[in-house]
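Student: sequence unavailable; structure follows:
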(Lines give C-alpha, C1' and ligand atoms only; values in the text may rest on other atoms or scores of the structure.)
Protein backbone atom coordinates (compact mmCIF):
# COMPACT_ATOMS: atom_id res chain seq x y z
CA UNK A 1 0.00 0.00 0.00
CA UNK A 2 1.32 3.43 -0.92
CA UNK A 3 0.17 7.04 -1.26
CA UNK A 4 0.59 8.62 -4.67
CA UNK A 5 1.41 12.32 -5.35
CA UNK A 6 -2.32 13.14 -5.60
CA UNK A 7 -2.91 11.95 -2.03
CA UNK A 8 -4.66 8.72 -2.98
CA UNK A 9 -3.93 5.35 -1.46
CA UNK A 10 -2.91 2.83 -4.12
CA UNK A 11 -2.94 -0.90 -3.52
CA UNK A 12 -2.51 -4.04 -5.59
CA UNK A 13 -3.96 -7.29 -4.20
CA UNK A 14 -4.70 -10.80 -5.41
CA UNK A 15 -8.39 -10.67 -4.43
CA UNK A 16 -11.08 -8.28 -3.19
CA UNK A 17 -13.52 -9.52 -0.53
CA UNK A 18 -16.73 -7.56 0.03
CA UNK A 19 -19.14 -7.56 2.92
CA UNK A 20 -22.72 -7.19 1.65
CA UNK A 21 -25.12 -5.25 3.88
CA UNK A 22 -23.85 -1.70 4.36
CA UNK A 23 -20.93 -2.24 1.98
CA UNK A 24 -22.52 -3.26 -1.34
CA UNK A 25 -26.22 -3.17 -0.44
CA UNK A 26 -28.21 -0.60 1.55
CA UNK A 27 -30.78 -2.73 3.35
CA UNK A 28 -31.01 -0.57 6.46
CA UNK A 29 -34.74 0.12 6.35
CA UNK A 30 -35.73 -3.50 5.77
CA UNK A 31 -33.36 -4.82 8.45
CA UNK A 32 -34.39 -2.29 11.07
CA UNK A 33 -38.11 -2.85 10.42
CA UNK A 34 -37.76 -6.60 10.93
CA UNK A 35 -35.71 -6.26 14.10
CA UNK A 36 -38.01 -3.51 15.42
CA UNK A 37 -40.98 -5.88 15.29
CA UNK A 38 -38.89 -8.60 16.97
CA UNK A 39 -37.81 -6.19 19.74
CA UNK A 40 -41.40 -5.06 20.28
CA UNK A 41 -42.66 -8.66 20.55
CA UNK A 42 -40.06 -9.56 23.16
CA UNK A 43 -39.78 -6.30 25.11
CA UNK A 44 -36.22 -5.55 24.01
CA UNK A 45 -34.43 -2.24 23.55
CA UNK A 46 -34.14 -1.84 19.79
CA UNK A 47 -31.02 0.34 19.93
CA UNK A 48 -29.14 -2.34 21.89
CA UNK A 49 -30.32 -5.05 19.52
CA UNK A 50 -29.30 -3.15 16.38
CA UNK A 51 -25.93 -2.16 17.81
CA UNK A 52 -25.10 -5.82 18.36
CA UNK A 53 -26.74 -7.33 15.29
CA UNK A 54 -25.08 -5.14 12.64
CA UNK A 55 -22.76 -7.40 10.67
CA UNK A 56 -23.62 -10.56 12.63
CA UNK A 57 -25.56 -13.70 11.77
CA UNK A 58 -29.17 -13.87 12.91
CA UNK A 59 -28.46 -17.00 14.96
CA UNK A 60 -25.71 -15.18 16.88
CA UNK A 61 -27.99 -12.23 17.63
CA UNK A 62 -30.76 -14.56 18.80
CA UNK A 63 -28.31 -16.41 21.06
CA UNK A 64 -27.76 -13.12 22.87
CA UNK A 65 -31.24 -11.55 22.87
CA UNK A 66 -33.94 -14.21 22.47
CA UNK A 67 -35.67 -14.71 25.84
CA UNK A 68 -35.81 -18.22 27.30
CA UNK A 69 -38.74 -20.40 26.33
CA UNK A 70 -38.50 -19.82 22.59
CA UNK A 71 -37.12 -22.10 19.90
CA UNK A 72 -34.14 -20.25 18.32
CA UNK A 73 -34.32 -22.27 15.10
CA UNK A 74 -38.02 -21.59 14.63
CA UNK A 75 -37.59 -17.87 15.35
CA UNK A 76 -34.60 -17.69 12.98
CA UNK A 77 -36.66 -19.33 10.21
CA UNK A 78 -39.50 -16.86 10.78
CA UNK A 79 -37.12 -13.88 10.63
CA UNK A 80 -35.48 -15.34 7.51
CA UNK A 81 -38.83 -15.60 5.71
CA UNK A 82 -39.71 -12.05 6.67
CA UNK A 83 -36.36 -10.62 5.61
CA UNK A 84 -36.23 -12.49 2.31
CA UNK A 85 -39.58 -11.04 1.24
CA UNK A 86 -38.70 -7.51 2.37
CA UNK A 87 -36.83 -6.21 -0.67
CA UNK A 88 -38.64 -2.89 -1.02
CA UNK A 89 -36.27 0.03 -0.51
CA UNK A 90 -33.13 -2.07 -0.97
CA UNK A 91 -30.60 -0.29 -3.18
CA UNK A 92 -26.91 -0.46 -3.98
CA UNK A 93 -24.44 1.46 -1.87
CA UNK A 94 -23.45 4.34 -4.19
CA UNK A 95 -20.73 3.18 -6.56
CA UNK A 96 -21.14 -0.55 -5.89
CA UNK A 97 -22.25 -1.57 -9.37
CA UNK A 98 -19.56 0.54 -11.04
CA UNK A 99 -16.83 -0.88 -8.80
CA UNK A 100 -17.90 -4.48 -9.42
CA UNK A 101 -17.88 -3.81 -13.15
CA UNK A 102 -14.38 -2.35 -12.92
CA UNK A 103 -13.27 -5.51 -11.12
CA UNK A 104 -14.67 -7.87 -13.74
CA UNK A 105 -11.93 -10.40 -14.45
CA UNK A 106 -10.39 -9.99 -10.99
CA UNK A 107 -10.86 -12.42 -8.09
CA UNK A 108 -13.75 -11.17 -5.95
CA UNK A 109 -16.05 -12.63 -3.32
CA UNK A 110 -18.89 -11.60 -1.04
CA UNK A 111 -18.70 -12.65 2.61
CA UNK A 112 -21.96 -12.02 4.41
CA UNK A 113 -23.68 -12.79 7.69
CA UNK A 114 -26.92 -13.26 5.76
CA UNK A 115 -28.07 -16.66 4.57
CA UNK A 116 -27.48 -17.55 0.93
CA UNK A 117 -31.14 -17.12 -0.11
CA UNK A 118 -31.31 -13.76 1.66
CA UNK A 119 -28.01 -12.61 0.15
CA UNK A 120 -29.17 -13.59 -3.34
CA UNK A 121 -32.50 -11.75 -2.83
CA UNK A 122 -30.84 -8.56 -1.61
CA UNK A 123 -28.16 -8.49 -4.32
CA UNK A 124 -30.86 -8.98 -6.95
CA UNK A 125 -33.05 -6.26 -5.42
CA UNK A 126 -30.09 -3.86 -5.52
CA UNK A 127 -29.39 -4.74 -9.14
CA UNK A 128 -25.99 -6.24 -8.37
CA UNK A 129 -24.57 -9.42 -9.92
CA UNK A 130 -24.16 -12.61 -7.93
CA UNK A 131 -20.48 -13.16 -7.18
CA UNK A 132 -18.64 -16.24 -8.30
CA UNK A 133 -17.75 -16.88 -4.66
CA UNK A 134 -20.36 -16.20 -1.97
CA UNK A 135 -19.64 -17.20 1.62
CA UNK A 136 -22.91 -16.97 3.55
CA UNK A 137 -23.98 -17.53 7.15
CA UNK A 138 -24.53 -21.27 6.73
CA UNK A 139 -21.09 -21.79 5.18
CA UNK A 140 -19.10 -21.20 8.36
CA UNK A 141 -19.17 -22.63 11.86
CA UNK A 142 -18.56 -19.22 13.43
CA UNK A 143 -19.81 -15.88 12.15
CA UNK A 144 -18.21 -12.45 12.23
CA UNK A 145 -16.23 -11.20 14.16
CA UNK A 146 -14.64 -14.62 13.67
CA UNK A 147 -12.50 -14.47 10.51
CA UNK A 148 -13.70 -17.86 9.21
CA UNK A 149 -15.76 -16.35 6.40
CA UNK A 150 -12.93 -14.27 4.99
CA UNK A 151 -10.45 -17.12 5.37
CA UNK A 152 -12.86 -19.42 3.52
CA UNK A 153 -13.40 -16.91 0.71
CA UNK A 154 -9.66 -16.45 0.21
CA UNK A 155 -9.18 -20.23 0.13
CA UNK A 156 -11.93 -20.66 -2.48
CA UNK A 157 -10.21 -18.03 -4.60
CA UNK A 158 -6.87 -19.76 -4.16
CA UNK A 159 -5.07 -16.90 -2.43
CA UNK A 160 -3.71 -16.15 1.04
CA UNK A 161 -5.87 -13.83 3.19
CA UNK A 162 -2.99 -11.40 3.64
CA UNK A 163 -2.99 -10.84 -0.12
CA UNK A 164 -6.62 -9.69 -0.06
CA UNK A 165 -8.45 -6.43 0.54
CA UNK A 166 -11.57 -6.59 2.70
CA UNK A 167 -14.23 -3.86 2.43
CA UNK A 168 -16.43 -3.64 5.54
CA UNK A 169 -18.77 -1.21 7.27
CA UNK A 170 -19.54 -2.79 10.66
CA UNK A 171 -17.55 -3.52 13.79
CA UNK A 172 -17.98 -7.30 13.64
CA UNK A 173 -16.90 -7.40 10.01
CA UNK A 174 -13.96 -5.06 10.46
CA UNK A 175 -12.70 -7.25 13.31
CA UNK A 176 -13.17 -10.33 11.11
CA UNK A 177 -11.25 -8.77 8.23
CA UNK A 178 -8.37 -7.73 10.45
CA UNK A 179 -8.27 -11.11 12.20
CA UNK A 180 -8.03 -12.86 8.83
CA UNK A 181 -4.83 -10.94 8.08
CA UNK A 182 -6.37 -9.07 5.15
CA UNK A 183 -5.91 -5.37 4.55
CA UNK A 184 -9.18 -3.76 5.54
CA UNK A 185 -10.91 -0.65 4.18
CA UNK A 186 -13.75 0.92 6.17
CA UNK A 187 -16.83 1.87 4.13
CA UNK A 188 -19.08 4.43 5.82
CA UNK A 189 -19.02 6.22 9.14
CA UNK A 190 -18.37 3.51 11.75
CA UNK A 191 -15.60 4.45 14.19
CA UNK A 192 -14.14 2.40 17.03
CA UNK A 193 -10.72 1.39 18.35
CA UNK A 194 -10.70 -1.30 15.63
CA UNK A 195 -10.80 1.32 12.87
CA UNK A 196 -7.81 3.35 14.09
CA UNK A 197 -5.19 3.66 11.41
CA UNK A 198 -7.43 2.12 8.73
CA UNK A 199 -8.35 4.06 5.61
CA UNK A 200 -12.00 5.06 5.24
CA UNK A 201 -14.25 5.93 2.30
CA UNK A 202 -17.78 7.38 2.59
CA UNK A 203 -19.06 5.01 -0.09
CA UNK A 204 -17.77 3.17 -3.15
CA UNK A 205 -18.00 6.05 -5.61
CA UNK A 206 -14.52 7.22 -4.62
CA UNK A 207 -12.88 3.81 -5.02
CA UNK A 208 -11.15 3.32 -8.36
CA UNK A 209 -10.17 -0.14 -9.56
CA UNK A 210 -8.89 -2.18 -12.46
CA UNK A 211 -8.30 -5.86 -12.93
CA UNK A 212 -4.57 -6.66 -12.85
CA UNK A 213 -2.72 -9.65 -14.26
CA UNK A 214 -3.42 -13.21 -13.09
CA UNK A 215 -6.75 -12.31 -11.47
CA UNK A 216 -5.42 -9.60 -9.20
CA UNK A 217 -6.70 -6.05 -8.81
CA UNK A 218 -5.36 -2.53 -8.48
CA UNK A 219 -7.41 -0.17 -6.34
CA UNK A 220 -7.09 3.44 -5.21
CA UNK A 221 -9.07 5.85 -3.06
CA UNK A 222 -8.57 9.18 -1.25
CA UNK A 223 -6.21 8.78 1.67
CA UNK A 224 -8.28 9.43 4.81
CA UNK A 225 -6.90 7.32 7.66
CA UNK A 226 -8.86 7.05 10.88
CA UNK A 227 -7.21 8.84 13.80
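Tutor: Looks like it came in fine. Note that the structure is a prediction, hence the values are computed from the model and not measured.

Student: could I get the full set of helices for this structure?
Tutor: Secondary structure of the chain, counting by DSSP state H: helices at 28-42, 46-53, 58-65, 72-85, 96-102, 116-125, 148-157, 171-180.

Student: next, the most far-flung residue of the chain relative to its centre: phi, psi?
Tutor: Taking C-alpha atoms, centre = their mean, the residue of the chain most remote from its mean C-alpha position is residue 69, at 31.8 Å. With angles defined as degrees, to the nearest 10, residue 69 sits at phi 100, psi 0.

Student: gap between it and residue 153?
Tutor: Using C-beta to C-beta, to the nearest Å, we find residue 69 at a distance of 37 Å from residue 153. For glycine as for every other residue, the C-beta is placed from the backbone atoms N, C-alpha and C.

Student: wouldn't residue 27 be in contact with residue 34 here?
Tutor: No - Residue 27 sits out of contact with residue 34 when judged by C-beta atoms under 8 Å, with a separation of 9.8 Å.

Student: ok, the two, which is more surrounded?
Tutor: Using other C-beta atoms under 10 Å as the criterion, residue 27 and residue 34 rank with residue 27 on top: 25 against 18.

Student: so who does that one touch?
Tutor: Applying C-beta atoms under 8 Å, 6 or more residues apart in numbering, one finds that residue 27 lies in contact with 21, 90, 122.

Student: I'd say the last one and residue 87 touch.
Tutor: Yes - in terms of C-beta under 8 Å, residue 122 counts as a neighbour of residue 87; the distance is 6.9 Å.

Student: ok, these two, which is more surrounded?
Tutor: residue 122 (25 against 15).

Student: how does the protein divide into domains?
Tutor: 2-27+91-222, 28-85 (automatic domain parsing).

Student: comparing those domains, which comes out most buried?
Tutor: domain 2-27+91-222 (a mean of 20; mean count of other C-beta atoms under 10 Å).

Student: which residues of this protein score low on pLDDT?
Tutor: 1-6 (pLDDT under 70).

Student: make it 90
Tutor: Low-confidence segments of the chain (pLDDT under 90): 1-8, 31, 85-88, 213, 223-227.

Student: the nearest residue to residue 122 once chain neighbours are set aside bridge partners, please.
Tutor: Closest residue to residue 122 apart from its sequence neighbours, by C-beta to C-beta, 6 or more residues apart in numbering: residue 25 at 5.0 Å. Beta-bridge partners recorded for residue 25 (DSSP bridges): residue 21, residue 92.

Student: residue 201 versus residue 25, what's the distance?
Tutor: 16 Å.

Student: pretty sure residue 187 contacts residue 170?
Tutor: No - the pair residue 187 / residue 170 is not scored as a contact, 9.5 Å apart, by C-beta under 8 Å.

Student: overlap in contacts of the two?
Tutor: 19, 22.

Student: great, nothing more from me.
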